[in-house]
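Participant: structural data only, the sequence is not supplied:
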């Protein structure tokens, strides 16, 4: 779905949907986020753990990552740290961390790892869509 | 036949259990396999079959997975990885390689030899620098019967189908009805041996490689053995060396030891330049 | 035809020579360089006192690859001792250590089984949550039974969510009552409503399909 934005000098600039990658090992969580974000106009990619996410990101970048902390093979914080060390634009991809933990030290750990925002689970559809929109601009 | 949701559940289960990645593009093949196995196991429904697969009754996981890996091995299988080898990997490995040091490539498991011989043929035919370096190609497998056949170097027409005719003419001699024997020079330039990749006392003997091809075997192991095997192969790579898996496999389910690298022709995994392992 | 030369009969030097004996290996595990600790971690599990040494080393180990090697060795050992060494790490504040221990526990397979019921009843919310995932590897009926029992008593929505996630794979019609009761208790809770509904629908659909 393409929409156009009139650029500075009057040229039409085509802009596609914003892409969000959901990184969580729970299938139902990914599905829930997918439905909420697709309804809000985003295009969704999925990965089951940090390693899979890195692999997929090398093939196609996204505008926003929604990343759970507890995942096998590579946890969410290690993933974000690793991402931030990559070359080029990929390293700067905005990352929203989701976690069941709500203590200050968990927020701090996420911030130190390079997360841009933190939401405590369970997360409502509206909250997720609102923060996704805020973190990566309007979806279309 | 198989609903969207059933397909998702199956793919997710297989990924967790074997590390194999099935995308939407493979859906037809996966469904077909499910139908075949349902018939073979007399499962009344997908639900019944999935229960059987989950419990691995009668080694069902292996039966299911075999369709995707044992399509008969043939020359120039997964050619994109060979292109990646000569297109990118060797150039990177040569940077910083001390003069006189050989390029070492390991094909493990090598089965009946198509893979290591393919690597040799491909290098001879496609790598401009092939004369300038000493190249060691090793092929290893746990099965001594296939190793015998690999050493013999005799192949049927089906194995050669992907080879350009001039390559067949140049490197093979007819050896009987539907039998072609690879030239002795080439046959003798690949060293075959038996190894169990889960045993580090065995793998350790082989030293360091620049590139390892380890396709379609890690999926058959349980989690613990898979981790050990990956660790052993890590040890067998020079820092900066590469390992290639089968096209449905991913290290993402196996171990965080390797870095993932994307090249024009393939995704490969790299042992980091620094880090442990000597 | 250009030749690929026959490999020399002398093979390359074997990599990382292992520690000469058990005493050296155990010493190097705690005191060696990164390389030495890594090599030692890969061989000590078979030695007397090896699992205990690995457990001790794991707590203080900072290098992630050495940590990974220790976890792999403990997973492979798959003894009650190695399971007990891994269990406390599930409570760790360090996400990498926590999920690493979980991966290793998953890989111990049957050795983990006797511990699951008490993990699912643990006083720590996080432990219960992670334990649900470990139940996935049990035979379907056993897993379903344990998780339904958890659902009937659980007060934390995130733990319920983790249990429902696994029931989506292993649950059959016997799980429907517990799922329904959970839905009632947590009515209006984001995500949980959704996941229970999806899971229950799937189970009901499958039981009609398997009767066809």
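Facilitator: Received it, and whenever you're ready, just let me know what you need. Note that the structure is predicted; figures quoted are calculated from it, not measured.
Participant: for the stretch 1-150 of chain B, give the residue positioned nearest to chain A.
Facilitator: residue B:12 (5.7 Å; CB to the nearest CB). C-beta: built from backbone N, CA, C; applies to glycine.
Participant: which residues touch that residue?
Facilitator: A:27, A:48, C:169 (CB atoms under 8 Å, 6 or more residues apart in numbering or on different chains).
Participant: how about the residues of the stretch 101-250 of chain B near chain C?
Facilitator: By CB under 8 Å from any CB of the partner chain, the residues of the stretch 101-250 of chain B that approach chain C are B:102, B:104, B:120, B:123-124, B:130-131, B:134-138, B:170, B:183, B:185-186, B:188-189, B:191, B:200, B:204-208, B:222-225, B:227-228, B:231, B:235-236.
Participant: would you show me how to pick out the buried ones of the residues you listed in PyMOL?
Facilitator: Here is the PyMOL command that selects the buried residues among these (16 or more other CB atoms under 10 Å in any protein chain shown):
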select buried, chain B and resi 104+120+123+124+130+135+136+137+138+186+189+191+200+204+206+207+208+223+224+225+227+228+231+235+236
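Participant: in strands, which of the residues of the stretch 101-250 of chain B next to chain C fall?
Facilitator: B:104, B:135-138, B:191 (DSSP state E).
Participant: and the furthest pair within the residues you listed?
Facilitator: Taking CB to CB, the two most distant members of these are B:135 and B:191; they sit 11.6 Å apart.
Participant: could you give the number of residues near residue B:158?
Facilitator: 11 (other CB atoms under 10 Å in any protein chain shown).
Participant: next one, pLDDT for the nearest residue to residue B:275 once chain neighbours are set aside please.
Facilitator: Nearest non-adjacent residue to residue B:275, counting by CB to CB, 6 or more residues apart in numbering or on different chains: residue C:65, 5.9 Å away. Note on residue C:65: pLDDT of 91.
Participant: and for residue C:205?
Facilitator: pLDDT, read off for residue C:205, is 87.
Participant: which strand or helix spans it?
Facilitator: helix C:192-209 (DSSP states H and E).
Participant: what's in contact with stretch A:86-99?
Facilitator: Taking CB under 8 Å, 6+ apart as the rule, stretch A:86-99 contacts A:24, A:57-58, A:61-70, A:76-77, A:80, A:83-85, A:106, A:110, A:113-121, A:123, A:131-132, A:135-136.
Participant: please repeat the previous calculation with a cut-off of 6 Å.
Facilitator: A:57, A:61, A:64-69, A:80, A:84, A:110, A:115-119, A:121, A:135-136 (CB atoms under 6 Å, 6 or more residues apart in numbering or on different chains).
Participant: what number of residues lie near residue 107?
Facilitator: Since no chain was named, I'll use chain A. 16.
Participant: I was thinking of chain B, sorry if that wasn't clear
Facilitator: Neighbours around residue B:107, by other CB under 10 Å: 28.
Participant: ok, the closest residue to it other than its chain neighbours - contacts?
Facilitator: Distances taken as CB to CB, 6+ apart place residue B:116 nearest to residue B:107, at 4.0 Å, with adjacent residues excluded. Listed by CB under 6 Å, 6+ apart, the contact set of residue B:116 reads B:107, B:110, B:137, B:139, B:190.
Participant: stretch B:231-242 close to chain A?
Facilitator: No: applying CB under 6 Å from any CB of the partner chain, one finds stretch B:231-242 separated from chain A by no less than 13.8 Å.
Participant: can you pull out the helices in the chain?
Facilitator: Here I'm looking at chain A. Along chain A, counting by DSSP state H, helices occupy A:27-39, A:50-59, A:76-84, A:104-113, A:125-136.
Participant: please go with chain C instead
Facilitator: Counting by DSSP H, the helices of chain C are C:22-31, C:34-43, C:50-60, C:64-77, C:80-86, C:95-107, C:116-120, C:125-134, C:140-153, C:157-170, C:176-185, C:192-209.
Participant: which residue lies nearest the spatial centre of chain B?
Facilitator: residue B:215 (1.8 Å; CA atoms, centre = their mean).
Participant: then chain A?
Facilitator: Note: chain A centre (CA atoms, centre = their mean) maps to residue A:65, 1.6 Å.
Participant: quick check, that residue in contact with residue A:21.
Facilitator: Yes: applying CB atoms under 6 Å, one finds residue A:65 in contact with residue A:21, separated by 5.3 Å.
Participant: just the buried members of the contacts of stretch A:86-99?
Facilitator: A:57, A:64-69, A:80, A:110, A:115-119, A:121, A:135-136.
Participant: so where does the residue nearest to residue B:266 when sequence neighbours are not counted fall, helix or strand?
Facilitator: Sequence neighbours aside, residue B:84 is the residue nearest to residue B:266 in space, at 4.0 Å (criterion: CB to CB, 6+ apart). Using DSSP H and E, residue B:84 falls within helix B:79-84.
Participant: hmm, who's touching that helix?
Facilitator: B:122, B:244, B:263, B:265-266.
Participant: and for stretch A:101-112?
Facilitator: A:97, A:118, A:120.
Participant: from these, pick the one nearest chain C.
Facilitator: residue A:120 (9.2 Å).
Participant: where's the closest one relative to chain B, distance?
Facilitator: 26 Å (CB to the nearest CB, to the nearest Å).
Participant: report the beta-bridge partners for that residue.
Facilitator: residue A:99 (DSSP bridges).
Participant: how much space between it and residue A:69?
Facilitator: 11 Å (CB to CB, to the nearest Å).
Participant: the closest residue to chain A within chain B: neighbour count?
Facilitator: Nearest to chain A, among the residues of chain B, is residue B:252, at 3.6 Å (CB to the nearest CB). Residue B:252 sits with 26 neighbouring residues when counted by other CB under 10 Å.
Participant: surely it touches residue A:51?
Facilitator: Yes: Residue B:252 lies in contact with residue A:51 (CB under 6 Å); the separation is 3.6 Å.
Participant: now residue B:276: closest residue in space that isn't a chain neighbour?
Facilitator: That would be residue C:38: by CB to CB, 6+ apart, it lies 4.0 Å from residue B:276.
Participant: pull out the buried residues from the helix holding residue C:205.
Facilitator: By 16+ other CB under 10 Å, the buried positions in helix C:192-209 come out as C:192, C:194-196, C:198-200, C:202-203, C:206.
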